[in-house]
Every structure is written in C-alpha cells, then in structure tokens.
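**Student:** build the 3D model from these lines:
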Amino acid sequence: MCGDHDQRRSGAWLRRLILPVAIALPSVAAAQGDWTTRFLLPGADHWVYATTVFNGDLVIGGDFRLVDDCPADRVARFDGTRWAPLGAGFNGIVRCLYVFDGVLYAGGDFESSGTTAVNRVARWDGASWRPLGGGITGQGARVYTLLGHRQQLLV
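**Tutor:** Residues are numbered from 1 along each chain as shown. Model prediction:
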C-alpha cells in the first residue's frame, strides 16, 4: 500500500465521485454525440480505460504509471482509503477488467507482467498476474473485451 493520503485527494470525496463518474461519463459523451472509452481519474498520470469491483475494492486499468503518488504499472486497486499496485502491473495498456467466477482477469495491449509473459490476457491469483493459456498472439493483437458466458470466459 502507498502512504496515507489527504482525504481531499483520495478519501471520501473520491469514493463518492469515482463510480458516478465511471457510470455517467459514457452517457454524457453519447448525449453530446461523442463516445470515449477512457477517462482521466483525479490523481492518475494518464488514461483509465477499465474499472471493476473485486473483493470489495475498486480496480482500475489503463495507461497510467502513477495513481495519487502511488507507483502502479497500469493496474491499481483502491480499498476506500489508499491506492495500491496490483502485483507487478503490465508493460502495456490495460483495456478491460472482468471478474468471472470470483477471479479477476485483465486484457489489453500488454505482453508481460514483471518477468512473466502473459500475452494480452492475464488472471490475478491473489499475489501476481498469471498467463491465461498461451494468451493472444499475433502482430497488432489486442484484447478489448472479456465476457463470461455459460461457465466459459470469452476473450
């Protein structure tokens, strides 16, 4: 976990702000005739592309390296008080996060998490990111969406 933070930066106001913003932003953009798949989170140094809730924490993924002064390579969690990295993070953009059968999955433009090759799709084992089979390979391959259907994870 990163250090304690000023409540005005990451505390109660952020808990009240993040979910309404994440839910409302696409609607506002659509009403204005534009659509965006990303947003800037206060305290993040770059774009956030994905949000989910996992084990009671808000998890974000994107192209950021820092969230509220906490180093986090493109994936981080917020427990209601502090931001923390989720393992070694990734070497490329996280475009989607999905919880399926109690497991957190990430997809995107990345090839590795730390020294582990994951090839654009990975699962969180509680301590580190692990590959999902051989991943998704090929020139320009990216994962934009993950979906659970009939007890199968679709990539």
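**Student:** am I right that Gly80 is in a strand?
**Tutor:** No: assignment of Gly80 by DSSP: H, G, I helix; E, B strand; the rest coil gives coil, placing it outside any strand.
**Student:** separation between it and Asn91?
**Tutor:** 29 Å (C-beta to C-beta, to the nearest Å). Every residue, glycine included, has its C-beta placed from N, CA and C.
**Student:** now do Thr116
**Tutor:** For Thr116 relative to Asn91 (C-beta to C-beta), the value is 10 Å.
**Student:** before we move on, what SS does the residue nearest to the spatial centre of the chain have?
**Tutor:** For the chain, the residue lying nearest the average C-alpha position, counting by C-alpha atoms, centre = their mean, turns out to be Gly61 (2.0 Å). At Gly61 the chain is in strand, as set by three-state DSSP.
**Student:** just give the nearest non-adjacent residue to it, would you?
**Tutor:** Closest residue in space to Gly61, ignoring its immediate chain neighbours: Val94 at 3.0 Å, by C-beta to C-beta, 6 or more residues apart in numbering.
**Student:** I figured the one you found was touching Gly62, is that so?
**Tutor:** Yes: with contact defined as C-beta atoms under 8 Å, Val94 counts as touching Gly62 (5.9 Å).
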